[in-house]
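> curious how this folds, go ahead:
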Amino acid sequence: MESLRPNPFQPRRSFEPAALQELSDSIRRHGMMHPIVVRRSGERFEIISGERRWRASQLIGLERVPVSIRESVDDREMLELALVENLQRRDLNPIERAAGFRSMCDHLGLTQEQVAERVGLQRSTVTNHLRLLELPKKVQDALVADLIQMGHARALLGVSDPREQVAFMETAVRDALSVRQVEERVRAAGAAGSKSARAQTGTGAEPSWAGALARRLSETLGTKVRVTTLDGERSQILIDCFSHQELNRIADAVAPKPVL
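Below you'll find the model as predicted:
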């Protein structure tokens, strides 16, 4: 047990104590049904998959556990194995899953379509999770803490101001609002904001094609995209990037480097 160390690419950010205790009780009664998969790292071993079993075994004081050693596994392969194994589980929270999908895009250079294929999900599922990372940390934390559902979080993506997103979240938690109620309040606030903007500028709302194009680009690039019309026939596209890695990934998607 002392020779093992956690996976540095582990997408899981938290391990629920009650679930770990339940798993440790099962291991005490029945033993470990599947070995922990590891790779060599100097004189020790890094866990590729099975970190929950390792942690649960520590709770009951086991000194030895069965392992399966994978030879010649580099960091890239280890990352992919760990992410795919964990993302196929159902007990990850939405933010952990979103962070895992983002890691596969950024570190493995995969498109959303390729990520979906690797983990056996619909592309829309991957896209919807990735958009959660655009929300303020307070909203993400509320989702992790199970104070709101993923439906609430997705509804808040319709609000552009991060402060308003937090305010909507706090209201939803305080008043125990359903997903439908949050969606209705977000729509009402958006309609009021558009009416106010039109009154101040004397212009209408963005045409429907701009919204449709923004959604299509968002799904393709895996990040928030805004399309706004300027004077005459000119338009402007704004693409959100949250890291240099994401910027490079989007640049490669928009303007792939030629193969020499």
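
> okay, the helix or strand residue 48 falls within in PDB with CA atoms only?
Here residue 48, judged by DSSP states H and E, is contained in strand 44-49. What follows is strand 44-49 as a C-alpha-only set of coordinates in PDB (Å, rounded to 0.1, in the frame of the first residue of the first chain):
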ATOM      1  CA  ARG A  44       6.900   3.400  -6.600                       C
ATOM      2  CA  PHE A  45       3.700   2.900  -8.600                       C
ATOM      3  CA  GLU A  46       1.100   5.500  -9.700                       C
ATOM      4  CA  ILE A  47      -2.600   4.500  -9.800                       C
ATOM      5  CA  ILE A  48      -4.200   4.600 -13.200                       C
ATOM      6  CA  SER A  49      -7.600   3.400 -12.100                       C
END
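
> which helix or strand lies directly C-terminal to that strand?
helix 51-59.

> got the angle between that next one and strand 44-49?
120 degrees (axes from the mean of the first three to the mean of the last three CA atoms, to 10 degrees).

> which residues touch helix 51-59?
Applying CB atoms under 8 Å, 6 or more residues apart in numbering, the external contacts of helix 51-59 come out as 1, 4, 6-7, 10, 12, 15, 19-21, 23-24, 27, 32, 34, 36, 47, 65. All C-beta spots, glycine's among them, are computed from the backbone N, C-alpha and C.

> other SSEs contacting the helix or strand just after that helix?
Using DSSP H and E, the helix or strand that follows helix 51-59 in sequence is strand 67-69. Secondary structure elements in contact with strand 67-69, counted by 3 or more CB pairs under 8 Å, 6 or more residues apart in numbering; DSSP states H and E, are strand 36-41.

> which positions in whichever strand or helix holds residue 141 come out as buried?
Counting by DSSP H and E, the element that carries residue 141 is helix 137-144. Neighbour-count burial for helix 137-144, counted by 16 or more other CB atoms under 10 Å, picks out 139-140, 142-144.

> name the nearest residue to the residue nearest the centre of the chain, ignoring sequence neighbours.
Centroid-nearest residue in the chain, with CA atoms, centre = their mean: residue 98, separated by 0.9 Å. With sequence-adjacent residues excluded and distances taken as CB to CB, 6 or more residues apart in numbering, residue 98 is closest to residue 129, at 4.1 Å.

> how long is stretch 67-83 from one end to the other?
Using CA to CA, to the nearest Å, the end-to-end distance of stretch 67-83 comes to 19 Å.
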